[in-house]
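**Q** Sequence plus the predicted model coming up.
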Amino acid sequence: MKNNYDILVIGGGPAGALAAKTAADAGNSVCLIEKRPAIGTPVRCAEGIGKELLKEFIKPDPRWIAADIERARIISPNGTAISLEQDKAGNEVGYVLDRKIFDRELVWQAAEAGADVIVKTRATAPIMENGAVRGAKVLSVGTPADIRAEVVIAADGTEAQFARRAGLDTVVPLREMMSCAQYLMTDIDIDAGSTDFYLGNEIAPEGYLWVFPKGDRTANVGIGISGRKSRDGSRAKDYLDRFVAKNFPNGKTIEAIAGGVPVCRPLACTVADGLMVAGDAARVVDPITGGGIGNAMLTGRLAAQVASECIAAGNCSKEALMPYDAGWRASKMGTILERNYKVKEYFVTLDDAKLNTLAESIAQSSLKEFSVLALIKELITRNPKMLLELKALRDTLS
Ligand SMILES: Cc1cc2nc3c(=O)[nH]c(=O)nc-3n(C[C@H](O)[C@H](O)[C@H](O)COP(=O)(O)OP(=O)(O)OC[C@H]3O[C@@H](n4cnc5c(N)ncnc54)[C@H](O)[C@@H]3O)c2cc1C
């Protein structure tokens, strides 16, 4: 195993793959390590992504698109549905991916650009010299080794340990680590063109339950709820099982997964001397939807761009790497993350009666735009009697 690179990327998810590809395209020597034996499995994701966002990074390919989505429905506790149609909205909704193939394609592109890819290799600790990260100690197929690098990009996902071991504060408050469970179900009656989001404190406290189609009678049926203990001690899986028993009693589960999604604010700082943090490890998941694939790719790519410039200039100090941190915070993604965090904090305070009132107020309206912003504006316009109640939401627009 070669043990000296310009850039070492930890993690073979979307953030790591985009970082490795971008860094290799810029002419750096790059190593991507992944602790699992195979890229892309097991899938811990509902696999939904907006079309426009996806296209910023890769040309859509039918090989890894499981479903083309025409509408999204938000369903309130009493069953009132807000339907956001593709044509009414005037822009495209999204895809449900097949991430087993998608993630491999991204890493394959990194390898093709020249990055070394090594699976079954776990970063166990940073190599620290004079307070700076200079690479990682790894266990590669059980054998310890050192991999040195000018810059390490930590893209090690939700359960990330690397940045914390290098001294960054990566703690996620318990209530903001969504606890998720998901079944890939088949033989179920669904609308194959619609991603459905179910809200309500009996259905998914402080979160939502989703049905994301992957074909005519197949879907990811999953749930994310607050990491806080529920009133009766139910876990995410218990809520999901109740929903499935009621709605898809004859469905067959062909895959079951559990996982966590951080819906907190991003890390206070995503760089240190010789270190950058990207994707879920940086906590850049959308706090409302829990979607993080696009933000992972964005931060992975930007991290590698800035790292390449710093390596060329011979300075990989925290200060030199800082344009990465400042760059994503100032981007559209950074603005949306901050706004959606505040919107999420408002919505988790609502009881089922208020959720029903809000849903009923806009169920019949046709939104001009498919976005959280359009929804908020419509809610405020349609509920003049709740103006005081909606103040927190209105403040997120300023
Ligand atoms: C149930 C669930 C549903 C979701 N649904 C959606 C959705 O519909 N749409 C969406 O956009 N997002 C969704 N997400 C979030 C999405 O999966 C993540 O935001 C996305 O995968 C983040 O990419 P990443 O590259 O940062 O991390 P990951 O994809 O988690 O990749 C990190 C990689 O690092 C590896 N790794 C970890 N530690 C080490 C180590 N020490 N050494 C080497 N390798 C290591 C891991 O094995 C992993 O492969 C969902 C998440 C969950 C849990």
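**A** Great, that's in hand. Residues are numbered from 1 along each chain as shown.
**Q** Could you find the closest non-adjacent residue to the spatially most central residue of the chain?
**A** Nearest to the geometric centre of the chain sits residue 292, at 1.5 Å (Cα atoms, centre = their mean). Excluding its sequence neighbours, the residue lying closest to residue 292 (Cβ to Cβ, 6 or more residues apart in numbering) is residue 285, at 3.8 Å. From N, CA and C alone the C-beta is placed, and that goes for glycine too.
**Q** hang on, isn't the one you found packed against residue 261?
**A** Yes. With contacts counted by Cβ atoms under 8 Å, residue 285 reaches residue 261, the gap being 5.8 Å.
**Q** Overlap in contacts, these two.
**A** Common contacts of residue 285 and residue 261 (Cβ atoms under 8 Å, 6 or more residues apart in numbering): residue 292.
**Q** could you pull out the strands for the stretch 51-200 of the chain?
**A** Assigned by DSSP state E, counting those that start in this stretch, the stretch 51-200 of the chain shows strands spanning 65-69, 71-75, 81-85, 94-97, 116-118, 121-129, 132-140, 143-154, 177-186, 194-198.
**Q** Quick check: which ranges of this structure have low pLDDT?
**A** In the predicted model, the chain carries pLDDT under 70 at residues 87-92, 229, 366-370, 398.
**Q** max-length helix in it?
**A** helix 293-313 (DSSP state H).
**Q** Put the alpha carbons of that one into CSV.
**A** What follows is helix 293-313 as a C-alpha-only set of coordinates in CSV (Å, rounded to 0.1, in the frame of the first residue of the first chain):
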residue,chain,number,x,y,z
ILE,A,293,-27.0,13.4,-0.7
GLY,A,294,-26.8,16.7,-2.6
ASN,A,295,-25.2,18.7,0.2
ALA,A,296,-22.6,15.9,0.7
MET,A,297,-21.6,16.1,-3.0
LEU,A,298,-21.5,19.9,-2.8
THR,A,299,-19.3,20.1,0.3
GLY,A,300,-17.1,17.2,-0.9
ARG,A,301,-16.4,18.9,-4.2
LEU,A,302,-15.8,22.4,-2.6
ALA,A,303,-13.5,20.9,0.0
ALA,A,304,-11.3,19.3,-2.7
GLN,A,305,-11.3,22.5,-4.8
VAL,A,306,-10.0,24.5,-1.8
ALA,A,307,-7.6,21.8,-0.7
SER,A,308,-6.1,21.7,-4.2
GLU,A,309,-5.4,25.4,-4.2
CYS,A,310,-3.9,25.2,-0.7
ILE,A,311,-1.6,22.3,-1.7
ALA,A,312,-0.5,24.2,-4.8
ALA,A,313,0.3,27.2,-2.6
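**Q** which other helices and strands contact the next helix or strand after that helix?
**A** Note on helix 293-313: by DSSP states H and E, the next helix or strand toward the C-terminus is helix 318-330. Using 3 or more Cβ pairs under 8 Å, 6 or more residues apart in numbering; DSSP states H and E, the elements in contact with helix 318-330 are strand 271-272, strand 275-277, helix 293-313.
**Q** Present these as a markdown table; the columns should include distance to residue 16 and mean neighbour count.
**A** Converted to a markdown table, these look like this (distance: least, Cβ to Cβ, whole Å; neighbours: other Cβ atoms under 10 Å):
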| stretch | distance to residue 16 | mean neighbour count |
| --- | --- | --- |
| strand 271-272 | 17 | 24 |
| strand 275-277 | 11 | 30 |
| helix 293-313 | 6 | 24 |
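**Q** any chance of the ones you listed in JSON lines, plus distance to residue 165?
**A** Shown next, in JSON lines, are the helices and strands packed on helix 318-330 (distance: least, Cβ to Cβ, whole Å):
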{"stretch": "strand 271-272", "distance to residue 165": "11"}
{"stretch": "strand 275-277", "distance to residue 165": "10"}
{"stretch": "helix 293-313", "distance to residue 165": "18"}
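**Q** Relative to the ligand, which of the ones you listed is closest?
**A** helix 293-313 (3.5 Å; Cβ to the nearest ligand atom).
**Q** re the thing from before, columns distance to the ligand on top of the helices and strands packed on helix 318-330, output as JSON lines?
**A** Formatted as JSON lines, those follow (distance: least, Cβ to the nearest ligand atom, whole Å):
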{"stretch": "strand 271-272", "distance to the ligand": "16"}
{"stretch": "strand 275-277", "distance to the ligand": "10"}
{"stretch": "helix 293-313", "distance to the ligand": "3"}
